[in-house]
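Asks: Show me how the following folds:
(2 chains)
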Amino acid sequence: MADYEIPTVTGDDGIVDVPALKEGAMGHLHGPWVSKPDFQKELGFPTDFTMPEGVENYGDVDTLVENWKNRALEKLDDLRGRYRSLQVFLDICVKCGACTDKCHYYIGTTDPKNMPVARQDLLRKVYRRYFTFAGKFFGKIGKPEFVGAADLTEDVVKDWYNYYHQCSQCRRCSVFCPYGIDTAEISMAAREILDHIGMGQKYCTEIMGKVHKIGNNLGLPEAALSDTLEGLEEDIYDDTGVLVELPLDKKGADILLVTPSADFFAEPHVDGLMGYAKVFHELGLDFTLSSYASEGANFGMFIGSYENMRRLALRIRKAAIDLGVKRIVFGECGHAWRVAYSFLNTLAGPWDFLDQNYPIPQHVLEITEPALAAGKLNIDKSANDDMVVTFHDSCNIARGSRIGGYEGGQFEVPRNVIKAVCNNYVDMPKDTIHDSTFCCGGGGGILTDDLMEVRVKGAQPRMEALKHVTENHGVTHMAAICAICKSQFTKVIPYYGFTMDQIVSVHQLVSNAIQLTGQLTEDEIDEMELDYDEAKEKLIASREAAE
Amino acid sequence: MFLSYVFGVLFWVATLVLVFGIAFKVRLYWKTPAPLKIPTTPAPLTQGGVFVRMFKEVVFFFSLFRSNKLLWILGIAFHYALALVLFRHVRYFQESTWFIVDVMQPFGKYAGFLMVLALLGLLARRIFIDRVRYITAPSDRAMLGLLILIGASGLMMKFVSHTDILMVKQFFIGLRSFDFQPLPADPILMVHLSLVALLMLIFPISKLLHAPGIFFSPTRNQIDNPREKRHLAPWAAELEKQNKNYLHELDK
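Replies: Okay, the predicted model is just below:
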């Protein structure tokens, strides 16, 4: 299946033993595909560089922007002046090593440069060399390494590009650091610097360009989106005999639903989207999707670009204003939710024109959970009896945001929902869930085929935990609330002996169990000849008549 | 008396560097904006909660406890022993000592051994654990060596070869008003004092900045209330004000 060794999982106790380090274990990689000047231009980055001929030329100085070294250092200086996190984190690490065994990429690859502190040091050594007294002094006498400083060279740039794209910015290291040093902040800064010297990452920049132009990561235009949603309505109708609408650009709707565009087509994401629609339908909530803001995921965060993150977030503001909605609700997506929950107010606020009685923005689980608890949804738990479910805490939700009104709600709310719609639920080992959760291996801009080896190896700790509950507790399915987790797992779990359909959306479970008002049984559906087009026309006609 | 002038000037310089160096860094951390809300969650929802979280980190090394038990024990042992030893040293700067300083003397006396043992343990980690060895720069070992020598020379004077401690006390009390009193010409004392001065000098330019720095760590000191309260850095507000996407498009 691959020309590298797939890590083995035993299922013994669900925890991978800390491996001995192997220098250069991932040194044969060159990082993801480099972004073309066209893509860089769209995002406001410099374009005076030459595309390298092959991956082995990535980082060669003759491909970088003119005067690359000074421009890299200037950008570093600029960033440490604008981000307290960066300035403080570069200064205060004591190299205690508490983080060294906490990164899923270190565990899965054994490459020491994937230890959080070592990854930070790739940038920190340059900071120390050019911006601290100790580094300048020992640099001058030719011994910068004495104080952990190093000159900025071609090899350093190559290491940056390779190893800052083996970090999914999952923040697990920040939980265990005695000073809360977050490698994600360093990785984001490093990628921002790389973007300014001609080493952008194609996967992220190309996708962001699509959102800037069209409105979503997939580049789905309004017409295609509208067709897709109609198809989903038809699926639900054929399945239940109930017409559950998924409106697009409906002016005057109460709620703007923003969801990752993967929800429109990928499995199991799309089953989740149908789940949200059913919940809204049953609760009588008037919602709409927007073609202009048809993307929840905000890749600006991955490349550390506040400006691009803000530009993407402002689309949501514009859509909310144009459609005249009162509330904004986000679908299942980890990074989308971190940007929404933690940053949206900063980037695109103030939201004084929305209904202040609801959280702004609100997570779809913050609607479903209370509705289930209050018995407002008719649930048949046995619909999920073919599964024993476990839940994967997505890192950006677990460690970068919150769901619900209390500290740690992000762990309880999704579990409450799953338990309300499933009879069989089992947690994975405690060192692998809640804020100790392991990243799926594909977050933070890593979810691209050119980084497959990184993704497969980085999934090892989660796969080990899953294997443990599979073998010891009969778990059959793992639920997730993040588009990246779902995409990453469906792709990599076959490498570990599982099958793709073992990954489910949380709202897919809700969708399975929910009994819609007027829902028909399978036999009834078989007897009747359902015609979606006819039903839809009738609905529209009756609505017009009422008006 | 020559010695007394040399060390007198050295300690004045070291003290000024320590105080102003840290003040400079603290000012830098204070002034640098934190443009986004990035507490590592679950995070407290109130300012009081943040106080509790920070207290748990600074006093109990809570995150480290979750992370690595051996390192936690060594770290706690070293820092608390150092605190006791430093507290014991207060008497060298007071004409008549506070009661509490007197009470703590025996604890401070033996804490010195614990401190050196813990430091040796920390050094052993840097030598024997492959991951920690990999991330250790020579300066990291040198820093531990410096602390070990300071501790060992101090213990030597207390338990092996006594120095004229009253003379040392008069020296430091005099130094406060630039009254240079004689210092005993004891080589162990010279070593001890020189290394302490060196430690004070490098504090503001080294990783010892973790002590003031932790209070500025955004992942630990921010309140989890981004939906309720808008958080905006001045440089980001400028984008909004001028209605621009990129910083390079801004009018200065």
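
Asks: need the contact list for residue 205.
Replies: No chain was given, so I picked chain A. Neighbouring residues of residue A:205 by C-beta atoms under 8 Å, 6 or more residues apart in numbering or on different chains: A:35, A:39-40, A:42-43, A:45, A:195, A:303. All C-beta atoms are positioned from the backbone trio N, CA, C, and that covers glycine.

Asks: oops, chain B please
Replies: Per C-beta under 8 Å, 6+ apart, neighbours of residue B:205: A:132-134, B:21.

Asks: circling back: looking at the contacts of residue A:205, which is nearest residue A:310?
Replies: residue A:43 (12.0 Å; C-beta to C-beta).

Asks: related to what we said a few turns ago, can you redo the contacts of residue A:205 as JSON lines with pLDDT and secondary structure?
Replies: Output for the contacts of residue A:205, formatted as JSON lines (pLDDT from 0 to 100; DSSP: H, G, I helix; E, B strand; the rest coil):
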{"residue": "A:35", "pLDDT": "97", "secondary structure": "coil"}
{"residue": "A:39", "pLDDT": "95", "secondary structure": "helix"}
{"residue": "A:40", "pLDDT": "97", "secondary structure": "helix"}
{"residue": "A:42", "pLDDT": "95", "secondary structure": "helix"}
{"residue": "A:43", "pLDDT": "96", "secondary structure": "coil"}
{"residue": "A:45", "pLDDT": "98", "secondary structure": "coil"}
{"residue": "A:195", "pLDDT": "98", "secondary structure": "helix"}
{"residue": "A:303", "pLDDT": "97", "secondary structure": "coil"}
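
Asks: thinking again about what came up before, give the PyMOL command for selecting the buried subset of the contacts of residue B:205.
Replies: Of those, the buried ones go into a single PyMOL selection, burial set by 16 or more other C-beta atoms under 10 Å in any protein chain shown:
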select buried, (chain A and resi 132+134) or (chain B and resi 21)
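
Asks: mind listing which of the contacts of residue B:205 are in helices?
Replies: Judged by DSSP state H, those include A:133-134, B:21 as members of helices.

Asks: Adding pLDDT and distance to residue A:80, write the residues you listed out as TSV.
Replies: Converted to TSV, those look like this (pLDDT from 0 to 100; distance: C-beta to C-beta, whole Å):
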residue	pLDDT	distance to residue A:80
A:133	96	15
A:134	96	16
B:21	97	18
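
Asks: Just put the residues you listed in CSV and tack on distance to residue A:267.
Replies: Converted to CSV, these look like this (distance: C-beta to C-beta, whole Å):
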residue, distance to residue A:267
A:133, 56
A:134, 54
B:21, 58
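
Asks: Nearest spatial neighbour of residue A:281, chain-adjacent residues omitted?
Replies: Nearest residue to residue A:281, sequence neighbours excluded (C-beta to C-beta, 6 or more residues apart in numbering or on different chains): residue A:244, at 4.4 Å.

Asks: so what's the one you found up against?
Replies: Residue A:244 makes contact with A:233, A:236-237, A:274, A:277-278, A:281, A:516, according to C-beta under 8 Å, 6+ apart.

Asks: for the contacts of residue B:205, which one is nearest residue A:459?
Replies: Within the contacts of residue B:205, proximity to residue A:459 (C-beta to C-beta) peaks at residue A:132, which comes in at 37.5 Å.

Asks: hang on, isn't the closest one packed against residue A:148?
Replies: No. Using C-beta atoms under 8 Å, residue A:132 is not in contact with residue A:148, being 10.0 Å away.

Asks: in the stretch 251-400 of chain A, which spans are strands?
Replies: Secondary structure of the stretch 251-400 of chain A, counting by DSSP state E, counting those that start in this stretch: strands at A:255-258, A:287-288, A:327-330, A:362-363, A:389-391.

Asks: how much space between residue A:305 and residue B:245?
Replies: 11 Å (C-beta to C-beta, to the nearest Å).

Asks: Now flag whichever of the ones in helices among the contacts of residue B:205 is closest to residue B:142.
Replies: For the ones in helices among the contacts of residue B:205, the nearest to residue B:142 is residue A:134 (11.3 Å; C-beta to C-beta).

Asks: wait, that closest one sits on residue A:147?
Replies: Yes. Here residue A:134 lies in contact with residue A:147, judged by C-beta under 8 Å, at a distance of 4.4 Å.

Asks: quick one: contacts for residue 66?
Replies: All of this refers to chain A. Contacts of residue A:66 (C-beta under 8 Å, 6+ apart): residue A:48.

Asks: Hmm, no, I was thinking of chain B.
Replies: Counting by C-beta under 8 Å, 6+ apart, residue B:66 touches A:175-176.
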